[in-house]
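Enquirer: Return atomic coordinates for the entry below.
(one chain, ligands or ions: 3)
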Amino acid sequence: MWRVARSAAASFRQSRRRLSTAIPGPCIVHKRGADILHDPWFNKDTGFPLTERDRLGLRGLLPPRVISFEQQYYRFMESYRSLEKNTQGQHDKFVSLAKWRILNRLHDRNETLYYRVLIDNIKNFAPIIYTPTVGLVCQNYSGLFRRPRGMYFSAKDKGEMMSMIYNWPSQQVDMIVLTDGSRILGLGDLGVQGIGIPIGKLDMYVAAAGINPQRILPVMLDVGTNNQKLLEDHLCELTNLRLSAKFCPQFSLPISDSIAGFFASYSCFRHGHVLQNGLYRVIGFSHNCSLADLGLRQPRLEGEEYLAIVDEFMEAVHARWPKAIVQFEDFQMKWAFETLERYRKRFCMFNDDIQGTAGVALAGLLGTVRAQGKPLTDFANQKIVVVGAGSAGLGVIKMALQAVSRMAGPAADPHFFLLDKDGLITKQRKCMDPSAAPFAKSHGEIEGLGLSEGSSLAEVVKKVKPHVLLGLSGVGGVFNEEVLKAMRESDSIKPAIFAMSNPTTNAECTAIDAFKHAGENIVFASGSPFENVDLGNGKIGHVNQANNMYLFPGIGLGSLLSGARTITDGMLQAASECLASYMTDEEIQRGVLYPSIDSIRDITAEVGAAVVRAAIADEVAEGHGEVGPRELLHMSKDEIIKYVKDNMWYPIYNPLVHEK
Ligand SMILES: NC(=O)c1ccc[n+]([C@@H]2O[C@H](COP(=O)([O-])OP(=O)(O)OC[C@H]3O[C@@H](n4cnc5c(N)ncnc54)[C@H](O)[C@@H]3O)[C@@H](O)[C@H]2O)c1
Ligand SMILES: O=C(O)C[C@H](O)C(=O)O
Ligand SMILES: [Mg+2]
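Expert: Ligands and ions are numbered 1, 2, ... in the order given. Coordinates of the predicted model:
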């Protein structure tokens with residue numbers, strides 16, 4: 001399992017060069033003693049060698065034995081495994097939160113070790129630090145909150161942001177993920193608690209794209225919340241906590257979250273139970289205590305007031321870090337589209353839910369054409385039903401239409417059907433959202449099929465017999481038995497079902513139900529991870545994860561390394577095409593549309609390089625660091641891939657003092 005990075009030496013030399021030019025003198029880090037141990041960027045825990053202990057004032061502050069990075073790694077993995085063992089049979093949510101907490105504690109203490117275990121175990125850990133557990137973390141964020149991470153700009157900070165941005169301790173920031181918490185996954189408005197999403201996305205940036213963790217910044221724009229529960233929240237509602245029977249069956253008392261951990265450990269101790277690392281935390285959050293939200297207790301700002309806050313933030317960020325890339329994440333639809341239009345020509349930014357998702361979905365849709373043994377140009381003839389006309393669904397249908405017109409010319413007549421909560425969207429729709437209008441069906445297009453305004457999903461699937469059924473509705477189970485069974489009559493020899501909504505409970509259907517009701521011949525993809533399905537006859541139904549994590553890290557990395565002024569459609573298209581072409585024909589035939597997450601660092605490097613090339617072609621590449629636009633222009637394809645890989649940060653302990 002232990003691997004030495006190919007690029008470790010290069011990254012080591014690079015980061016060392018950066019650090020040594022920034023801080024001259026005998027020590028590379030300007031902090032001393034306990035301040036270093038409390039700084040997760042520099043902390044090595046017991047791994048500080050004796051010279052560093054001497055010269056950084058650490059002697060006596062650590063147990064005397066020096067533990068190597070490898071040993072620390074194994075120790076962590078051991079405690080993780082024992083947590084897994086000790087929580088067997090517990091409720092899924094408790095186990096997931098316990099795993100998140102053990103990882104989060106490492107994150108807060110020692111980032112180098114944290115990112116190494118994350119990179120090496122990305123398949124196991126992505127579902128914890130990212131989707132789906134991150135959704136649960138956001139829902140419980142105020143209770144889980146221990147240390148701040150990232151920055152918070154609130155409506156009360158109007159006029160102050162330009163100075164606030166300088167409170168961030170890092171000199172350079174490359175990548176920012178920003179949310180206003182208004183549409184967290186399919187969980188709705190979670191207000192300030194949505195900060196978990198930027199943190200999880202940026203963890204993926206570090207793990208997949210090798211962005212230096214010292215140069216990332218998760219941001220919450222707190223403009224209030226319309227979530228009534230959060231608005232009405234009492235400081236701490238006391239509820240009954242019944243501890244997990246396995247540990248303390250006798251223990252049941254009213255308890256607040258903040259003291260739950262204390263009481264739980266105290267009581268268990270009294271009853272003579274040994275608590276394993278992390279377990280009492282599980283217990284601590286195993287009740288329904290509704291905690292005081294940590295955000296502004298006011299309804300969301302609207303209109304110009306809202307935009308003024310986002311404007312001020314964008315100006316402040318770019319005043320301090322003009323080349324920082326801002327990823328907008330989990331904004332409710334109206335602001336997702338409006339802010340994208342407002343900023344995309346002025347700043348290097350993109351909206352992941354609209355643009356990242358569209359690219360990942362398109363790559364998968366092109367894969368389904370190949371899976372049917374047809375040439376890619378047949379994409380123009382595919383019948384695709386998109387369920388959900390929000391930021392994600394509209395982003396997908398728009399990019400798919402662009403692909404059709406590239407393949408079949410502007411006169412192409414694609415067979416795409418769009419539904420929202422009121423059914424099939426047609427030009428007859430009253431009060432139609434303007435963003436959905438271009439995709440509404442005319443009476444003439446659907447009357448032959450016996451469909452009309454507001455036709456139900458089941459009706460549409462039965463009559464259209466689509467090649468692909470793609471869900472971005474946020475509604476769990478909307479692909480019910482009737483709908484899935486109707487997919488058996490699809491005109492495709494390999495019907496595709498994409499249940500892309502997150503987290504798991506919001507997926508339009510489960511993988512098991514999809515294979516059970518729609519047949520073994522389908523290709524299946526979901527936004528949240530599901531296990532492959534045992535079809536019972538020696539065959540396995542492959543589950544793909546159609547999640548924007550396959551693209552956003554590469555879009556950000558490529559934009560950064562090209563020094564792109566803005567993120568163009570060409571760059572996004574290049575990212576999607578790169579992902580689409582990553583899979584071999586043999587894999588596609590087996591229903592494998594997306595690569596395994598184990599190879600996400602490789603994919604991201606490829607996607608990043610494709611984005612750099614597109615930025616050069618679109619004449620927006622201004623260069624990065626010592627690599628100017630002219631040098632970029634003269635790089636071959638292979639040189640660009642090497643350039644990208646060489647610039648990916650990899651976690652190793654760098655010396656914190658000069659050798660002499
Ligand atoms: N897999 C991914 O990479 C990915 C990326 C982005 C978003 N998502 C997920 O997609 C979902 C939607 O995101 P969004 O930003 O578009 O949300 P949104 O709120 O902007 O849009 C939701 C849309 O679904 C429609 N809808 C609601 N109930 C419906 C029903 N019963 N039948 C049909 N349509 C219905 C709504 O009318 C709306 O058009 C979320 O769960 C999100 O987590 C997944
Ligand atoms: O966060 C994810 O897993 C994907 C996507 O951005 C979403 O909002 O669901
Ligand atoms: Mg999102």
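Enquirer: residues in this structure within reach of ligand 2, list them.
Expert: Contact residues (CB under 6 Å from any ligand atom) of the chain with ligand 2: T131, L185, D330, D352, D353, N502, G527, N547, N548. Glycine gets a C-beta too; all of them are placed from N, C-alpha and C.
Enquirer: now those in CSV, with secondary structure, neighbour count and pLDDT?
Expert: As requested, the residues of the chain next to ligand 2 are exported to CSV (DSSP: H, G, I helix; E, B strand; the rest coil; neighbours: other CB atoms under 10 Å; pLDDT from 0 to 100):
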residue, secondary structure, neighbour count, pLDDT
T131, coil, 24, 98
L185, coil, 25, 98
D330, coil, 26, 98
D352, helix, 29, 98
D353, helix, 25, 98
N502, coil, 25, 98
G527, coil, 30, 98
N547, coil, 24, 98
N548, helix, 27, 98
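Enquirer: okay, which residue is most central for the chain?
Expert: Centroid-nearest residue in the chain: K201, 3.8 Å away (criterion: CA atoms, centre = their mean).
Enquirer: before we move on, what SS does it have?
Expert: Put simply, K201 is helix when judged by DSSP: H, G, I helix; E, B strand; the rest coil.
Enquirer: Would you confirm that it contacts D330?
Expert: No. Using CB atoms under 8 Å, K201 makes no contact with D330, being 9.2 Å away.
Enquirer: Close to ligand 3 as well: tell me which of the residues of the chain next to ligand 2 qualify.
Expert: Residues of those in contact with ligand 3 (CB under 5 Å from the ion): D330, D353.
Enquirer: can you pull the contacts of the closest residue to G196 other than its chain neighbours?
Expert: In space, and not counting its chain neighbours, G196 is closest to C138: 4.1 Å by CB to CB, 6 or more residues apart in numbering. Residues near C138 by CB atoms under 8 Å, 6 or more residues apart in numbering: I184, L185, L187, L190, Q193, G194, I195, G196, I197.
Enquirer: Next one: the closest residue to T426 other than its chain neighbours from ligand 3, what distance?
Expert: Closest residue to T426 apart from its sequence neighbours, by CB to CB, 6+ apart: E453 at 4.3 Å. In this view, E453 and ligand 3 are 30 Å apart by CB to the ion, to the nearest Å.
Enquirer: what about E453, which SS state?
Expert: coil.
Enquirer: dump the residue contacts of the residue in the chain that ligand 2 sits nearest to.
Expert: Using CB to the nearest ligand atom, the single residue of the chain nearest to ligand 2 is T131, 3.3 Å away. When contacts are counted by CB under 8 Å, 6+ apart, T131 is found next to L185, G200, N502, P503, G527, S528, P529, N547, M549.
Enquirer: in stretch 485-504, what counts as buried?
Expert: For stretch 485-504, a neighbour-count test (16 or more other CB atoms under 10 Å) marks 485-487, 490, 492, 494-504 as buried.
Enquirer: returning to what we had before: now do the same contact list for the residue nearest to T426.
Expert: Going by CB under 8 Å, 6+ apart, E453 touches G423, L424, I425, T426, Q428, R429.
Enquirer: Was I right to think the fourth one contacts A440?
Expert: Looking back up the chat, that one is T426. Yes. Here T426 reaches A440: they are 5.4 Å apart, a contact under CB under 8 Å.
Enquirer: ok so, going back, and the contacts of E453, which is closest to D108?
Expert: Closest to D108 out of the contacts of E453 is I425 (46.0 Å), distances taken as CB to CB.
Enquirer: The closest one: neighbouring residues, count only.
Expert: Counted by other CB atoms under 10 Å, the residues lying close to I425 total 23.
Enquirer: Could you do V29 as well?
Expert: 18.
Enquirer: any low-confidence regions in the protein?
Expert: 1-27, 233-292, 660 (pLDDT under 70).
Enquirer: let's see 90
Expert: Flagging of the chain using pLDDT under 90 yields the residue ranges 1-30, 142-143, 145-147, 231-294, 409-413, 537, 658-660.
Enquirer: Can you pull the residues of it lying near ligand 3?
Expert: So far as CB under 5 Å from the ion goes, the chain lies against ligand 3 at E329, D330, D353.
Enquirer: And for the closest residue to P63 other than its chain neighbours, the neighbour number?
Expert: Of all residues not flanking P63 in the chain, T46 sits nearest, at 6.3 Å (CB to CB, 6+ apart). Here the number of neighbours of T46 (other CB under 10 Å) works out to 15.
Enquirer: can you check S452 too?
Expert: If you count neighbours by other CB under 10 Å, S452 ends up with 15.
Enquirer: What of A580?
Expert: Using other CB under 10 Å, A580 has 23 other residues around it.
Enquirer: One more: P148?
Expert: 9.
Enquirer: cool, E341 as well?
Expert: E341 has 10 nearby residues by other CB under 10 Å.
Enquirer: Centre of the chain to the strand or helix carrying it, how far?
Expert: Here E341 sits within helix 333-343, counting by DSSP states H and E. For helix 333-343, the separation from the chain centroid amounts to 19 Å (computed by CA atoms, centre = their mean, to the nearest Å).
Enquirer: again with stretch 87-106
Expert: Distance of stretch 87-106 from its chain centroid, counting by CA atoms, centre = their mean, is 19 Å.
Enquirer: Stretch 522-536 now?
Expert: Its chain's average C-alpha position is 20 Å from that of stretch 522-536, according to CA atoms, centre = their mean.
Enquirer: and if you look at stretch 371-390?
Expert: The answer for stretch 371-390 is 25 Å, by CA atoms, centre = their mean.
Enquirer: what's the answer for stretch 614-634, then?
Expert: Stretch 614-634 has its C-alpha centroid displaced from the chain centroid by 28 Å (CA atoms, centre = their mean).
Enquirer: distance between the ends of that stretch?
Expert: Stretch 614-634 has its terminal residues 14 Å apart, counting by CA to CA, to the nearest Å.
Enquirer: Can you give me the buried ones in it?
Expert: In terms of neighbour count (16+ other CB under 10 Å), stretch 614-634 has its buried residues at A614, A615, I616, D618, V620, A621, G623, H624, V627, P629, L632.
Enquirer: Could you list the residues in contact with it?
Expert: If you take CB under 8 Å, 6+ apart as the criterion, stretch 614-634 is touched by 323, 558-566, 568, 570-571, 573-575, 612, 640, 643, 647.
Enquirer: Then stretch 570-580?
Expert: Contact partners of stretch 570-580, identified using CB under 8 Å, 6+ apart, comprise 350, 355, 358-360, 362-363, 366-367, 399, 402, 550-551, 554-555, 558-559, 564, 594, 603, 606-607, 609-611, 613-615, 617-618, 620.
Enquirer: I'd say D433 and A389 touch.
Expert: Yes. Using CB under 8 Å, D433 is in contact with A389, at 7.1 Å.
Enquirer: between the two, who's got more neighbours?
Expert: Comparing D433 with A389 by other CB under 10 Å, the one with more neighbours is A389, at 24 against 16.
Enquirer: Report the secondary structure state of the more buried one.
Expert: coil.
Enquirer: need the contact list for it.
Expert: Counting by CB under 8 Å, 6+ apart, A389 makes contact with L418, L419, D420, I425, D433, A436, F439.
Enquirer: circling back: out of the contacts of T131, who's nearest ligand 1?
Expert: Of these, the one sitting nearest to ligand 1 (CB to the nearest ligand atom) turns out to be G527, at 2.8 Å.
Enquirer: coming back round to it: show me the two of the buried residues of stretch 614-634 that sit farthest apart.
Expert: Greatest spatial distance in the buried residues of stretch 614-634: D618 and V627, 17.5 Å, computed using CB to CB.
Enquirer: Including distance to A518, could the contacts of T131 go into CSV?
Expert: Formatted as CSV, these follow (distance: CB to CB, whole Å):
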residue, distance to A518
L185, 25
G200, 31
N502, 21
P503, 22
G527, 18
S528, 19
P529, 20
N547, 21
M549, 25
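Enquirer: ok, so of these, who is nearest M220?
Expert: Nearest to M220 among the contacts of T131: G200, at 13.0 Å, using CB to CB.
Enquirer: Secondary structure element holding the closest residue to the closest one other than its chain neighbours?
Expert: Leaving aside its chain neighbours, G200 sits nearest to V134 (4.1 Å; criterion: CB to CB, 6+ apart). V134 belongs to helix 133-139 when assigned by DSSP H and E.
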